[in-house]
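Participant: Would you be able to build a 3D model of this:
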Amino acid sequence: MQSQQFEWHEQWSMLQDNELFLFQEWIDPFTLGDFRDKEVLEGGCGGGQHTHFIAPYAKHIIAIDLNTIDIIAKARNKQHHNITFLEADIATMELGKKFDVILSIGVIHHTDDPEKAVDNLKIHLKEGGILLLWVYSEEGNWMVKHLIEPLRKVFLCHSNRKSLLIFAKIITIFLYLPIYSLYLLPLPLLPYYEYFQNFRKLSFYRNTLNVFDKLNAPQVDFISFTRAKALVKDLHHAQVSPYKGVSWRISGIKA
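Facilitator: Model (predicted):
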């Protein structure tokens with residue numbers, strides 16, 4: 001079983017994500033309507049933002065997380081009465097139940113074994129059920145993988161989270177200059193050119209969350225296109241599509 005990681009509890013205690021359009025783009029080609037009247041399993045619900053988005057549509061949601069259930073259950077989704085929160089490891093849980101839709105958005109790449117986690121999620125999927133994943137891609141993330149990650153492991157992993165948040169805000173401020181100057185030019189070969197298009201759509205608060213997430217995550221396994229395809233090779237209508245050059249949207253339907 002994967003060990004609990006305090007970093008996630010502190011992150012979602014301090015910050016919240018309210019950007020519905022991002023969630024809708026991450027689950028494409030499916031939509032919120034695909035959750036209507038469905039039994040849903042959310043593998044890794046984090047701060048509960050995605051649970052909040054789908055709760056008005058779903059018949060019932062079981063939201064799993066290893067680190068943050070107390071935050072979610074008591075605050076973010078207290079107005080919804082169709083959610084059951086469980087503390088568990090998505091790679092080893094045995095729920096004794098199958099679901100119409102299973103989603104895991106921004107979680108699999110933070111697990112000890114992404115393939116094992118996805119295999120266990122698929123065990124819980126009904127025939128005809130939909131699997132939705134969104135993961136960081138290896139392609140397009142050279143800078144984060146080979147520069148930011150080593151620096152984080154050496155200098156930041158034991159930092160106070162509040163100090164780390166201040167550092168994230170400072171970095172975010174400095175990013176505004178190139179993103180609103182150089183990155184406005186038609187230069188698609190610039191690193192993170194597509195990704196920074198979203199930066200200009202988001203608030204300073206939400207951009208800070210993005211930066212903080214990169215500095216705070218205790219582990220990241222960047223998923224190659226080949227690995228992404230293999231995750232859903234046994235599903236019908238399997239799809240792997242890039243998102244903003246730094247992540248994969250992965251989906252399929254169980255036969």
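Participant: Run a quick neighbour tally on Ala238.
Facilitator: Ala238 has 17 neighbouring residues, counting by other CB atoms under 10 Å. Backbone N, C-alpha and C define where each C-beta goes, glycine included.
Participant: Need the three-state assignment for it.
Facilitator: Put simply, Ala238 is strand when judged by DSSP: H, G, I helix; E, B strand; the rest coil.
Participant: ok, now Phe53?
Facilitator: helix.
Participant: how close does it get to His60?
Facilitator: From Phe53 across to His60, the span is 15 Å (CB to CB, to the nearest Å).
Participant: more neighbours, these two?
Facilitator: For Phe53 versus His60, neighbours defined as other CB under 10 Å are more numerous around Phe53 (20 against 16).
Participant: So for that one, what's the pLDDT?
Facilitator: In this model, Phe53 is scored at 97, pLDDT.
Participant: quick one: Pro188 from Ala238, how far?
Facilitator: Taken as CB to CB, the span from Pro188 to Ala238 is 28 Å.
Participant: now swap in Leu147 and tell me
Facilitator: Distance of Leu147 to Ala238, given as CB to CB: 33 Å.
Participant: how about the helices of the protein, start to end?
Facilitator: Residue ranges of the helices in the chain, as given by DSSP state H, are 6-14, 20-26, 49-54, 69-71, 114-123, 142-143, 149-151, 161-179, 195-199, 204-216, 225-231.
Participant: who wins for proximity to Gly43 among those helices?
Facilitator: helix 114-123 (5.3 Å; CB to CB).
Participant: for this structure, what helix or strand is lowest in average pLDDT?
Facilitator: When the helices and strands of the chain are scored by mean pLDDT, DSSP states H and E, helix 69-71 comes last with a mean of 83.
Participant: what helices or strands is it leaning on?
Facilitator: With contacts taken as 3 or more CB pairs under 8 Å, 6 or more residues apart in numbering; DSSP states H and E, helix 69-71 sits against helix 6-14, strand 83-87.
Participant: Pick the most deeply packed of those.
Facilitator: helix 6-14 (a mean of 19; mean count of other CB atoms under 10 Å).
Participant: Other residues contacting that helix?
Facilitator: 46-48, 66-68, 71-72, 161-162, 165, 212-213, 216-218 (CB atoms under 8 Å, 6 or more residues apart in numbering).
Participant: taking the mean pLDDT, what do you get for the strand ranked longest in the chain?
Facilitator: As assigned by DSSP state E, the longest strand anywhere in the chain is strand 125-136. Regarding strand 125-136, the rounded mean pLDDT is 98.
Participant: by contact count, what packs against that strand?
Facilitator: Looks like strand 125-136 contacts strand 99-105, helix 114-123, strand 247-253 (3+ CB pairs under 8 Å, 6+ apart).
Participant: If we go by neighbour counts, what in it is buried?
Facilitator: For strand 125-136, burial by neighbour count (16 or more other CB atoms under 10 Å) applies to 125, 129-136.
Participant: Report the angle between that strand and strand 247-253.
Facilitator: Taking axes from the mean of the first three to the mean of the last three CA atoms, to 10 degrees, one finds strand 125-136 and strand 247-253 inclined to each other by 170 degrees.
Participant: Before I go, just wanted to say thanks for your time.
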